[in-house]
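Undergrad: mind looking at a prediction? Sequence and model below.
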Amino acid sequence: MPSNYANHVLVASPSPVVRQRVLESLRSPSRRFEQASGGAEALVHLESGYWQVLFLDRHLPDLDAEELSHTVSQRFPGIEVVLLEPEVNSEITDEPSAIEGQGDLLQNMQPLLPQNKSEDKRLFVAKSILESPLPGMIGNSRVMQPVYRLARLLAPRNTTVMITGPTGSGKEVVARAIHSLSPRSRRTFAVVNCAAIPETLLEAELFGYARGAFTGAMQPYAGRIHAAQGGTLLLDEIGEMPMSLQPKLLRFLEQKELQRLGSAEVVRVDARVISATNAHLLSLVREGKFREDLYYRLCGFPIEIPPLRDRPEDIAPLAMHFLEKCCAPLPAPELCSEALQLLKTQPWAGNIRELQTVIERALILAENQTVIRPEHLLLVDSSYHSSR
């Protein structure tokens, strides 16, 4: 198990032996543990504190573990639920193949206590929760697993994060996932698109203004940064931040203080800052278009999202997700193998956003058919169109 598996762990099992084995296998000076002997007690703990992972015995004395897992996922979306295998309390065996009904799941599992092979081989957990898809994300390709892992490691901290990647690759989705997995998840997630707001309005939008600060300022406005008090602020397209505002943003990042336009009052704001960009900020720094000190303040920890063309194994689950989303609540049509293969060969300059658009167009062209075929896919790739 990774030593940094999670910092806040709750274990729910009627067996003291099972609880103790989970705790011993993940013991760390920086890790907080709590135990519950049943499902109801586990819910009390979840309501009264912040937890990252819930280890849940399938054999609970009071509640159905599957239903409880679903309830926890709905009520506490930032918590990962790990179901301990049903044979955990049964007779010890050295043959993993003796576990019935697990099938391919065993390929993604490992013993919780690998340091002692003579101990209960039936106690299994997910091989790496850290590398499983983030909330709101689809696909578990190899190139995305470092992204998932870094996001989970950063979530419980206040470190500033810089998310880079091409347009449409899912930078905001990753930022939202970090927020949802953090202790700030019940507070505001505020987004400012630095490229979408005119330079003359961006300062007022970010920092707020007092009444009478300028013509038309009839009422005071707290600003987007203040709106993220206790939560998370995403500065999207940070490379478009005007040079004139960068010193003021730097001061906020360093002091956690801001002054609204037209006001002498200094306001303290506790907001975690995540920035996102498809630009190469170091090039902008060298060109004198972005402050070097601001760059290093924002880039407390970088996460780079790969383009869709580098994760072809994610295209099928993403395409089916978009099909189901567009068709809900009706059943979604299937993607024939030829259409799927065609999708996998595309360059996807627009990344996931482009794939979603292609699927939406295909549904329109397919009308009421139950299968999406190659002729329904209107693709930008000129080589495809020239071959038709």
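TA: Thanks, I have it. Numbers count the residues shown, from 1 in each chain.
Undergrad: any idea what residue 83 is bridged to?
TA: Each beta-bridge partner of residue 83 is listed here, defined by DSSP bridges: residue 56.
Undergrad: got a list of what residue 333 touches?
TA: Under the criterion of CB atoms under 8 Å, 6 or more residues apart in numbering, the contact partners of residue 333 comprise 323, 327, 363, 366, 369, 370, 371, 372. The way it works is simple: take the backbone N, C-alpha and C, and place the C-beta from them, glycine included.
Undergrad: what's the second one sitting at in phi/psi?
TA: I take that to be residue 327. Reported as degrees, to the nearest 10, the phi and psi values for residue 327 are phi -90, psi -20.
Undergrad: next: the first one.
TA: Listed backbone geometry of residue 323 is phi -60, psi -50, with angles given as degrees, to the nearest 10.
Undergrad: and residue 235, by the same measure?
TA: Main-chain dihedrals, residue 235, degrees, to the nearest 10: phi -100, psi 90.
Undergrad: likewise for residue 370?
TA: Backbone torsions for residue 370, taken as degrees, to the nearest 10, come to phi -90, psi 0.
Undergrad: my guess is residue 334 contacts residue 370, does it?
TA: Yes. In terms of CB atoms under 8 Å, residue 334 counts as a neighbour of residue 370; the distance is 6.6 Å.
Undergrad: more neighbours: which of the two?
TA: For residue 334 versus residue 370, the count of surrounding residues by other CB atoms under 10 Å is larger for residue 334: 15 against 9.
Undergrad: now that one. Nearest residue, chain neighbours left out?
TA: Beyond its immediate neighbours in the sequence, the residue positioned closest to residue 334 (CB to CB, 6 or more residues apart in numbering) is residue 371, lying 5.1 Å away.
Undergrad: ok, now residue 136?
TA: In space, residue 136 comes closest to residue 173 once its chain neighbours are excluded; the distance is 5.2 Å by CB to CB, 6+ apart.
Undergrad: and that neighbour, what does it touch?
TA: Going by CB under 8 Å, 6+ apart, the list of residues near residue 173 reads 134, 136, 137.
Undergrad: please name the bridge partners of residue 221.
TA: As for beta bridges, residue 221 partners with residue 209 under DSSP bridges.
Undergrad: quick check: it touching residue 208?
TA: Yes. Here residue 221 lies in contact with residue 208, judged by CB under 8 Å, at a distance of 4.9 Å.
Undergrad: list residues touching both of these two?
TA: Shared contacts of residue 221 and residue 208, defined by CB under 8 Å, 6+ apart, comprise residue 260.
Undergrad: those two: who's more crowded?
TA: In terms of neighbours (other CB under 10 Å), residue 208 is the more surrounded of residue 221 and residue 208; the figures are 23 against 18.
Undergrad: ok, for the more buried one, nearest residue in space, not its chain neighbours?
TA: Here the nearest residue to residue 208 in space, its sequence neighbours aside, is residue 223; by CB to CB, 6+ apart that works out to 2.8 Å.
Undergrad: my guess is that neighbour contacts residue 263. True?
TA: No. When contacts are counted by CB under 8 Å, residue 223 is not listed as touching residue 263 (10.8 Å).
Undergrad: of these two, which one has the most company?
TA: With other CB under 10 Å as the criterion, residue 223 and residue 263 differ in neighbour count, and residue 223 comes out ahead with 22 against 17.
Undergrad: if we can go back for a sec, which of the contacts of residue 173 sits closest to residue 350?
TA: Taking CB to CB as the measure, residue 350 lies nearest residue 137 of these, at 17.6 Å.
Undergrad: pLDDT score assigned to the closest one?
TA: With respect to pLDDT, residue 137 has a value of 91.
Undergrad: can you get me a residue count around it?
TA: A count of nearby residues for residue 137, using other CB under 10 Å, gives 21.
Undergrad: where do the helices sit along the stretch 101-250 of the chain?
TA: 145-154, 171-180, 199-207, 224-227, 246-255 (DSSP state H, counting those that start in this stretch).
Undergrad: which stretch among those helices comes nearest residue 304?
TA: Within the helices of the stretch 101-250 of the chain, the stretch nearest residue 304 is helix 145-154; the backing value is 7.7 Å (CB to CB).
Undergrad: what mean pLDDT does the closest one get?
TA: When pLDDT is averaged over helix 145-154, the result is 88.
Undergrad: by contact count, what packs against that helix?
TA: Counting contacts by 3 or more CB pairs under 8 Å, 6 or more residues apart in numbering; DSSP states H and E, helix 145-154 packs against helix 171-180, strand 301-304.
Undergrad: to residue 161, which of those lies closest?
TA: The closest approach between residue 161 and any of these, judged by CB to CB, belongs to strand 301-304 at 5.3 Å.
Undergrad: restrict the closest one to CA atoms and write it as PDB.
TA: Once side chains and other backbone atoms are set aside, the C-alpha atoms of strand 301-304 remain, and they are given as PDB (Å, rounded to 0.1, in the frame of the first residue of the first chain):
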ATOM      1  CA  PHE A 301       2.400  22.100  -7.600                       C
ATOM      2  CA  PRO A 302       2.000  21.500 -11.300                       C
ATOM      3  CA  ILE A 303      -0.400  18.900 -12.900                       C
ATOM      4  CA  GLU A 304      -0.300  18.300 -16.600                       C
END
